[in-house]
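In: Okay, sequence plus prediction incoming.
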Amino acid sequence: MRLRLILCVLALAVLAMPATADEVDDLLLDLKYGSPDVREKAALALGEIGDPRAVDPLIEILNPDRLKIGLSTGSPSNVFEAAIIALGRIGDPRSVEPLCVVLSIRVHPNDQRMAAWALGEIGDPRAVDPLIEYLEGDRGWYMPQPWGISTEGHAANYTGPQAIIALVKIGDPRAVDPLIGILNREYSSDGKRITVPKVIAANALGAIGDPKAVDALIGVLSDRDAAVRSNASWALGEIGDARATEPLLYVASSDWDPEVREVASQALEKLGAKPIPIEDNMTGLILDLKHGTPEARSIACLILADEAGRDDPRTIDLLIDALKDPYPIVREYAARGLGIIGDQKAVDPLMVALSDRNDLVRNAAARALGQIGDPRAVGPLCEVSPVTPGAIVALGEIGGDRATNHVMDYIRSFRYYSDEYPGDRRTLQYVLPAIEALGKTGDTKTVDALSEILTWRDPVIRVAAVKALGNTDNAAAIEPLTYVASRDESEMVREAAAEALENIQAE
């Protein structure tokens, strides 16, 4: 009975073979001579059947020799794309080189993406270098097909380039370094940050599972985007390297997004660890600086300087390290924290920060140097003062002949314009803080410099000079203040001078 059944099956197979061969022959004729719509359908049908006889005719549609020299293949776009899809479905290695040519030539972007997909379906290592070159050319980050590596669903809202999917399917370790490069880069469009490449690269690195990616994945656990942190957490769990334990513990315990905490907790389970509460405040702040988001790191800088870490010897080094953070807001707050503490150890790092590419960081570093008051900073502050208003304030706070002379030269540079246009907001924005800072040094030379400002036309500037003289607590300020209090044409200035005199006399 069993033998009879096997013979029947074989007979049916034999009967079916000529019909399939006839069908393939008909489709090949349609592919060669049919209208564009007929050729498209024939190509897709041949791909479904998977007959290797269709490979060469499909490659001819792509005509890689013509593509290499920049000529059109002569095939309509719908037929061209259908041929790519068919070659991917058949999976014959002969298709690799022609598909790589499509990938490297600037044809329609969708054709390149479909070529990447087809190369992934074939899975031939020869495609790795062309796929990497395609990726590094920043071509086409979006694709209508869903990203399908993760089974957890934490990348469900994103779509990805077929080139990365192809690299993951091929599984060649050469893909790891380019994917790490994508993870470390910033992408934007119309001034808005794009995080899709980071999400996809993190997911792909997790799927490949190479430990070489661990450090880069840990680095983006502090990314502002929750999806990046989530996918990086998942990837670290997939790789299973113990180096990820501490940062994942932090994310699982402290991340503001509950979904990210959940994914980090699942990753920890794969590493054989469990989330633990962080009870020690100093430890929590240190972990914030190491693994937190930019906002968490910046807040930690100020808390360290103002409360929890003020008396801890580790704080200065932590804040100095934070001056090198990739995010400007963290560098700015680190500089502010160092200024609050006022330790001389921070002078050299803050002088380096005076050349930071970010305006806010440079100003924060300058103001911190002014708070510390070390004369070593006078030269560097003078150099950056034309583009860093905070440096002028700092020089006034540090004092000394060179600093006072530089600040006065700076203030004098605005006099002509101020006398011509009193009340100009931009002038006041630069001059008033410099005048206020001069009043903090208190020496006789500063009194002489501020007395000169009492002759300016703008009453607002004269009031600032009067208040600064009152803050010097120097008896030499009494004479100019007495004169102004009785004779200045502005009542506002006279009242300010009288109040300043009372302050000095009380001292």
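Out: On my side now, so go ahead.
In: and the nearest residue to residue 250 once chain neighbours are set aside, how many neighbours?
Out: Counting by C-beta to C-beta, 6 or more residues apart in numbering, residue 291 is the residue found nearest to residue 250 once chain neighbours are left out, at 4.3 Å. Bear in mind the C-beta positions are built from the backbone N, C-alpha and C, glycine included. Neighbour count of residue 291, defined by other C-beta atoms under 10 Å: 22.
In: which phi and psi does residue 291 have?
Out: Residue 291 adopts backbone torsions of phi -130, psi 0, taken as degrees, to the nearest 10.
In: Might you report the residue contacts of it?
Out: Counting by C-beta atoms under 8 Å, 6 or more residues apart in numbering, residue 291 touches 218, 221-222, 246-247, 250-251.
In: ok, so of these, who is nearest residue 464?
Out: Checking these against residue 464 by C-beta to C-beta gives residue 222 as the nearest, at 42.7 Å.
In: Quick check: the closest one vs residue 289, distance?
Out: Computed as C-beta to C-beta, to the nearest Å, the residue 222 to residue 289 distance reads 10 Å.
In: what does the domain assignment say about the chain?
Out: For the chain, automatic domain parsing gives the domain ranges 24-130, 172-277, 430-507.
In: can you list the ones you listed in TSV and add mean neighbour count?
Out: Output for those, formatted as TSV (neighbours: other C-beta atoms under 10 Å):
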stretch	mean neighbour count
domain 24-130	19
domain 172-277	19
domain 430-507	19
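In: Identify whichever of those lies nearest to residue 301.
Out: domain 172-277 (14.0 Å).
In: Residue 198 versus the residue nearest in space to the middle of the chain, what's the distance?
Out: By C-alpha atoms, centre = their mean, the chain has its centre lying nearest to residue 186, at 4.8 Å. From residue 186 across to residue 198, the span is 9 Å (C-beta to C-beta).
In: what's the span of stretch 369-388, first residue to last?
Out: Taking C-alpha to C-alpha, to the nearest Å, stretch 369-388 runs 13 Å from one end to the other.
In: quick thing: my sequence starts at 32, can you match it?
Out: Sounds good: first residue 32 from here, last item stretch 400-419.
In: Contacts for it next, please.
Out: So stretch 400-419 is contacted by 369-371, 373-375, 377-378, 381-382, 385-386, 390, 393-394, 397, 421-429, 431, 433-434, 437, 441, 468 (C-beta under 8 Å, 6+ apart).
In: what does stretch 127-143 rub up against?
Out: The contact list for stretch 127-143 (C-beta under 8 Å, 6+ apart) reads 90, 93, 95, 98-99, 101, 108, 111-112, 115, 118-119, 146-147, 149-150, 153, 155, 157-158, 161-162, 164-165, 170-171, 194.
In: out of those, which are inside helices?
Out: 90, 93, 95, 98-99, 108, 111-112, 115, 118-119, 146-147, 149-150, 153, 161-162, 164-165, 194 (DSSP state H).
In: Now do the contacts for the nearest residue to residue 195 once chain neighbours are set aside.
Out: Among residues not flanking residue 195 along the chain, residue 235 sits closest, at 4.9 Å (C-beta to C-beta, 6+ apart). Counting by C-beta under 8 Å, 6+ apart, residue 235 touches 180, 195-196, 198-199, 206, 210.
In: Tell me the helix or strand right after whichever strand or helix holds residue 235.
Out: In the assignment (DSSP states H and E), residue 235 maps to helix 227-239. As assigned by DSSP H and E, the chain's next helix or strand after helix 227-239 is helix 245-250.
In: the inter-axis angle of the next helix-or-strand element following that next one versus helix 227-239?
Out: Using DSSP H and E, the helix or strand that directly follows helix 245-250 along the chain is helix 257-270. Put simply, helix 257-270 runs at 10 degrees to helix 227-239, going by axes from the mean of the first three to the mean of the last three C-alpha atoms, to 10 degrees.
In: in terms of contact, does residue 119 touch residue 153 like I think?
Out: Yes: under the criterion of C-beta atoms under 8 Å, residue 119 makes contact with residue 153 at 6.7 Å.
In: what bits of the stretch 232-381 of the chain have low per-residue confidence?
Out: Scanning the stretch 232-381 of the chain for pLDDT under 70 picks out 306-311, 339.
In: ok now whichever strand or helix holds residue 383, how far from the chain's centre?
Out: Using DSSP H and E, residue 383 maps to helix 378-384. Centroid displacement of helix 378-384 relative to its chain, using C-alpha atoms, centre = their mean, to the nearest Å, is 24 Å.
In: on that earlier part again, please list only the buried members of the contacts of residue 235.
Out: Taking 16 or more other C-beta atoms under 10 Å as the criterion, what is buried in the contacts of residue 235 is 180, 195-196, 198-199, 206, 210.
In: So which of those residues sit within helices?
Out: Counted as lying in helices by DSSP H, out of the buried ones among the contacts of residue 235, are 195-196, 198-199, 210.
In: which among these gets closest to residue 520?
Out: Comparing these against residue 520 with C-beta to C-beta places residue 210 closest, at 71.8 Å.
In: and the residue nearest to the closest one when sequence neighbours are not counted, what does it touch?
Out: Distances taken as C-beta to C-beta, 6+ apart place residue 232 nearest to residue 210, at 4.7 Å, with adjacent residues excluded. Neighbouring residues of residue 232 by C-beta under 8 Å, 6+ apart: 195, 210-211, 213-214.
In: And residue 387, by the same measure?
Out: Residue 387 neighbours (C-beta under 8 Å, 6+ apart): 359, 362, 393, 396.
In: which non-adjacent residue is nearest the first one?
Out: Just to be clear, that refers to residue 359. Of all residues not flanking residue 359 in the chain, residue 389 sits nearest, at 4.0 Å (C-beta to C-beta, 6+ apart).
In: do you know how far residue 357 is from residue 263?
Out: 16 Å.
In: ah, wrong one, I meant residue 348
Out: 27 Å.
In: Equivalent analysis for residue 107, please.
Out: 43 Å.
In: who touches both of residue 119 and residue 153?
Out: Listed as contacting both residue 119 and residue 153 by C-beta under 8 Å, 6+ apart are 126, 130.
In: Surely residue 514 is in a helix?
Out: Yes: counting by DSSP: H, G, I helix; E, B strand; the rest coil, residue 514 falls inside a helix.
In: ok, now which ones touch it?
Out: Under the criterion of C-beta under 8 Å, 6+ apart, residue 514 has no neighbours.
In: looking at it, residue 165 is touching residue 195, isn't it?
Out: No: with contact defined as C-beta under 8 Å, residue 165 does not reach residue 195; the gap is 10.1 Å.
In: contacting residues for residue 79?
Out: residue 120.
In: try 10 Å this time
Out: 116-117, 120-121 (C-beta atoms under 10 Å, 6 or more residues apart in numbering).
In: Leaving out sequence neighbours, find the closest residue to residue 375.
Out: In this structure, residue 375 finds its nearest non-sequential neighbour in residue 405, 6.1 Å apart by C-beta to C-beta, 6+ apart.
In: measure that neighbour to residue 352 for me?
Out: Counting by C-beta to C-beta, the gap from residue 405 to residue 352 is 20 Å.
In: out of these two, which sits in the busier spot?
Out: Of the pair residue 405 and residue 352, residue 405 is the one with more neighbours under other C-beta under 10 Å, namely 16 against 13.
In: For residue 441, see how far away the more buried one is.
Out: 20 Å.
In: And residue 196, by the same measure?
Out: Counting by C-beta to C-beta, the gap from residue 196 to residue 441 is 59 Å.
In: got the contacts of residue 232 as CSV, with pLDDT and distance to residue 446 columns?
Out: Shown next, in CSV, are the contacts of residue 232 (pLDDT from 0 to 100; distance: C-beta to C-beta, whole Å):
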residue, pLDDT, distance to residue 446
195, 82, 62
210, 89, 59
211, 92, 56
213, 87, 54
214, 90, 54
